[in-house]
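Trainee: just coords:
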């Protein structure tokens, strides 16, 4: 699936505690995050959902798309978009987060897309459970993984490849893995995978392959670049890599008050101040508790009703803001007892950072 | 309109040739640009139009918005959104570009939003010429400027203010200054000014005030922070500031081939390669010519039919790509004879950079 190539620029990537290189800024300009104030919306409005695309957004003319289902199947199937849309439909609210969210807050940081807090969003995805499409081809008994290949193609660290990922057979057959053609009741936007993408509910975003062109059933583990060369937790170069999968428990707040343009530091008027935001976890595990920290003193927040097994949950609290400098935080705990750390857990690639958010505010 | 404030963080901003500070990366994460491959689309899809918001996106509950028209008018008018929508409607395709586009490519650069090429987009805006709303209040003869105040509020360099700009009376009364409630046939998205904004066709984006809450007719020049303290061309600290207004002539190409993830360097297959993109100018001045430069040798590109007086114009060319390293550029000239420079014109605030784009490509 990969071929080597003379590009060697990427080898300049390093771990650093220093300022940011132009390449990182270029990626920050290309990829876009949720504006934190948009955490107000149960469903993230179009254009505010985070976006991380490795390569260019492919141009797709209307009416031409088809998906090839091949490999360890009884009969190869080539399905048009219209044929896929005739399969049983399901709409699911799902919170997706980039596995690299928080990378730029890790010290030292790995040079890649320098996310801070904002690589998250919630949409109502409409599609069909993948298993209905797989039924058209019929998986052979020896198919242990299903791979998903997008139409987006490029290089990473000298390797040319189309973006691809795989899922274990049992995961792929779950009702929560969807072949999606609509987002918030509208056809997918080009940058979100038009006309067809995968959405793997409960997983970090790298699993939800966009511009899905090919599905292949495999009798051995998929060895694509994005499966084996990245999206791995590694404490150091010698550690056994652990694949990134489910989203880790996390919460964010809408920063109160008004911002300074350049620093985004907040000014808040003294007095009772509502604090609110969202909390989520992966793998369908519910949020059990959200705490709000004011200068390191923690209180329980009130939880809004759940929006669905895979969607973030609202929370709210009240803060009696007193004049001075303050640090505001929120910390979520899920039903498995997992909670957000106060200091970022180190990872070589900057993956899975669910450290508590800190909002610095001046009250007057 | 402004009050001083203890925030002093912004004073760390400087001119630099060095790497990027975390504040610049935070702004790049908040503000989002057009993906260059989306230049293919005549009208930029939702979520791909550039976005530069100084402060937070205000939250607006449905059905509550009204606009106050006051100052040097015969009778103060408070118009609801429904009342404004009953005024004569006009839909206009308009290319908007951020005045700071290209700032990060200026050396040294001013520390602010570090745009490279991508702060541009074209939408079909639906609204009513502003003059119809002003007629509801009746401008007095001594009104020489009209100011426009948004609901977004924050600090810049220690000054608290709501975002506001003004236009000269004669400009404001033009048919090409619209009070807009729809973008590409849909209600405005929150981040694009829902429910009502100004669109000043032919001007850089700072004039097109979002979340428009108040219109005031003035008998003296407007002195709001965003009018007098920024968006000024200045060659040095002692130069007389020249207000930023019309968009300067510019063009961009869709980078050919496929990218490297980190550097965005391009790989192109040898052989005939279509090159295409968009060109635009400000003030309604048509594009007269686009040239494509291959390693510094220039050829005329073919122009697509115009899309409207204020919208970008497509262009296309063919490149016989030969193996090796190449630099691709495009250069537009408008009907006034203005053309893009080969080196960025210096400006202290990084405004109005219309230097030709350079795309580095390896052909094999």
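Mentor: Received it, and whenever you're ready, just let me know what you need. Computed from a predicted structure; not experimentally measured. Numbers count the residues shown, from 1 in each chain, chains lettered A, B, ... in the order given.

Trainee: residue A:17 reaches residue A:108, doesn't it?
Mentor: Yes: the pair residue A:17 and residue A:108 qualifies as a contact (CB atoms under 8 Å) at a distance of 4.6 Å. Any C-beta I mention is one placed from the backbone N, CA and C, and that applies to glycine too.

Trainee: so these two - more neighbours on which side?
Mentor: Taking other CB atoms under 10 Å in any protein chain shown, residue A:17 and residue A:108 do not tie; residue A:108 has more neighbours (13 against 8).

Trainee: phi, psi of that one?
Mentor: Per-residue torsions, residue A:108: phi -70, psi 160 (degrees, to the nearest 10).

Trainee: quickly list the domain ranges of chain A.
Mentor: Listed by automatic domain parsing, the domain ranges of chain A are A:3-230, A:250-363.

Trainee: tell me which of the ones you listed lies nearest to chain B.
Mentor: Nearest to chain B among the domains of chain A is domain A:3-230 (3.1 Å), distances taken as CB to the nearest CB.

Trainee: average pLDDT for that closest one?
Mentor: For domain A:3-230, mean pLDDT is 95.

Trainee: same question, stretch A:271-291
Mentor: 98.

Trainee: hmm, that stretch touching chain B?
Mentor: No: shown here: stretch A:271-291 not in contact with chain B (CB under 8 Å from any CB of the partner chain), separated by at least 11.2 Å.

Trainee: pretty sure residue A:171 sits in a strand.
Mentor: No: if the criterion is DSSP: H, G, I helix; E, B strand; the rest coil, then residue A:171 is helix and not within a strand.

Trainee: for it, which non-adjacent residue is spatially closest?
Mentor: residue A:177 (6.8 Å; CB to CB, 6 or more residues apart in numbering or on different chains).

Trainee: residues contacting the nearest residue to residue A:13 once chain neighbours are set aside?
Mentor: Nearest residue to residue A:13, sequence neighbours excluded (CB to CB, 6+ apart): residue A:111, at 4.4 Å. Residue A:111 makes contact with A:12, A:13, A:14, A:15, A:16, A:21, A:23, A:24, B:262, according to CB atoms under 8 Å, 6 or more residues apart in numbering or on different chains.

Trainee: returning to that earlier point: show me what contacts the residue nearest to residue A:171?
Mentor: For residue A:177, the contact set (CB under 8 Å, 6+ apart) comprises A:129, A:130, A:131, A:167, A:171, A:198, A:199, A:200, A:201.

Trainee: doesn't residue A:83 belong to a helix?
Mentor: Yes: Residue A:83: assigned to a helix according to three-state DSSP.

Trainee: for stretch A:330-343, buried residues please.
Mentor: A:330, A:331, A:332, A:333, A:334, A:338, A:339, A:340 (16 or more other CB atoms under 10 Å in any protein chain shown).

Trainee: next one: the last one from residue A:334, what distance?
Mentor: Going from residue A:340 to residue A:334 by CB to CB, to the nearest Å gives 10 Å.

Trainee: any residues in contact with both of those two?
Mentor: Common neighbours of residue A:340 and residue A:334 (CB under 8 Å, 6+ apart) are residue A:249.

Trainee: among the contacts of residue A:111, which are located in helices?
Mentor: Those of the contacts of residue A:111 mapping onto helices are A:23, A:24, per DSSP state H.

Trainee: tell me the one of the contacts of residue A:111 nearest residue B:278?
Mentor: Distance to residue B:278 across those (CB to CB) is lowest for residue A:23, with 25.1 Å.

Trainee: separation between the closest residue to residue A:250 other than its chain neighbours and residue A:106?
Mentor: Excluding its sequence neighbours, the residue lying closest to residue A:250 (CB to CB, 6+ apart) is residue A:354, at 4.4 Å. Relative to residue A:106, residue A:354 is positioned 11 Å away (CB to CB).

Trainee: same check on residue A:88?
Mentor: Counting by CB to CB, the gap from residue A:88 to residue A:106 is 42 Å.

Trainee: and the two? Which one has more around it.
Mentor: residue A:106 (22 against 8).

Trainee: who's in contact with the residue nearest to the spatial centre of chain A?
Mentor: Among the residues of chain A, the one closest to the centroid is residue A:97, at 2.4 Å (CA atoms, centre = their mean). Contacts for residue A:97 (CB under 8 Å, 6+ apart) come out as A:50, A:119, A:120, A:204, A:205, A:247, A:250, A:280.
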